[in-house]
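*Asks:* generate coordinates for the sequence data below:
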Amino acid sequence: MWYFPQRAMNKEGLLGYAGAANKNVLIALQVETADCVANIDEIAALDGVDCLFLGQNDLCMSMGLYEKYAFPRMYESAELAAATAKVLGACRRHRLIPGVFLFGPDKVPAFRAKGFTLVSVGNDMHHLLTQSAAYVGQLKKEADGEWAPQPSGIVVAAD
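*Replies:* Numbering: from 1, shown residues only. Below you'll find the model as predicted:
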């Protein structure tokens with residue numbers, strides 16, 4: 001068997017990355033269950049943790065808020081606000097980075113004002129669907145009724 005390292009591998013590793021990689025790792029724990037929030041101080045105190053990353057959708061499911069409130073009212077609920085404040089408090093007490101997952105940039109200013117310093121504005125599927133829907137909307141507008149997308153199995157947000 002022959003091994004030919006990439007050109008980028010040199011005496012310092014992959015352009016200096018490989019040798020120092022372990023010094024540049026961020027440990028982010030996802031906060032997505034009611035039990036996690038209930039035990040947040042014990043979790044935040046674990047050695048090596050750098051960030052608590054709040055996943056509101058899964059947390060709302062775990063807390064029963066999807067059943068209690070009509071979508072999207074659960075995001076404005078007192079229960080979610082209290083859980084969010086508890087996570088932020090644990091981040092402050094344990095000097096951790098508070099992170100949050102959002103769908104799009106609309107709520108970024110509000111979450112930054114709350115104290116979140118790491119904000120994700122979507123995942124690959126969200127970006128693919130929202131940008132594709134925007135492109136299709138633009139094409140429909142420019143075609144002035146002379147073009148329409150063909151039906152498919154992919155569900156895209158309505159206009």
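*Asks:* can you give me the helices for this protein?
*Replies:* For the chain, the helices defined by DSSP state H cover 17-20, 34-38, 40-44, 56-62, 65-68, 78-94, 108-114, 124-143.
*Asks:* which of these has the lowest mean pLDDT?
*Replies:* The weakest mean pLDDT among these belongs to helix 17-20, with a mean of 64.
*Asks:* who touches the residue nearest the centre of the chain in this structure?
*Replies:* Nearest residue to the geometric centre of the chain (C-alpha atoms, centre = their mean): Phe101, 2.9 Å. By C-beta atoms under 8 Å, 6 or more residues apart in numbering, the contact list for Phe101 reads 53-57, 120, 123. Bear in mind the C-beta positions are built from the backbone N, C-alpha and C, glycine included.
*Asks:* list buried residues within these.
*Replies:* Applying 16 or more other C-beta atoms under 10 Å to the contacts of Phe101, the neighbour count classes 53-56 as buried.
*Asks:* would TSV of the helices of the chain with distance to Gln150 be doable?
*Replies:* Conversion of those to TSV gives the following (distance: least, C-beta to C-beta, whole Å):
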stretch	distance to Gln150
helix 17-20	45
helix 34-38	43
helix 40-44	48
helix 56-62	31
helix 65-68	33
helix 78-94	39
helix 108-114	35
helix 124-143	11
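*Asks:* so which of those helices is the most packed in?
*Replies:* Highest mean neighbour count among the helices of the chain (mean count of other C-beta atoms under 10 Å): helix 56-62, with a mean of 19.
*Asks:* rewinding a little: taking the contacts of Phe101, tell me the two that lie furthest apart.
*Replies:* Greatest spatial distance in the contacts of Phe101: Leu54 and Asn123, 14.6 Å, computed using C-beta to C-beta.
*Asks:* thinking again about what came up before, could you dump the buried ones among the contacts of Phe101 into CSV with distance to Tyr69 added?
*Replies:* Putting these into CSV (distance: C-beta to C-beta, whole Å) gives the following:
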residue, distance to Tyr69
Phe53, 23
Leu54, 18
Gly55, 17
Gln56, 13
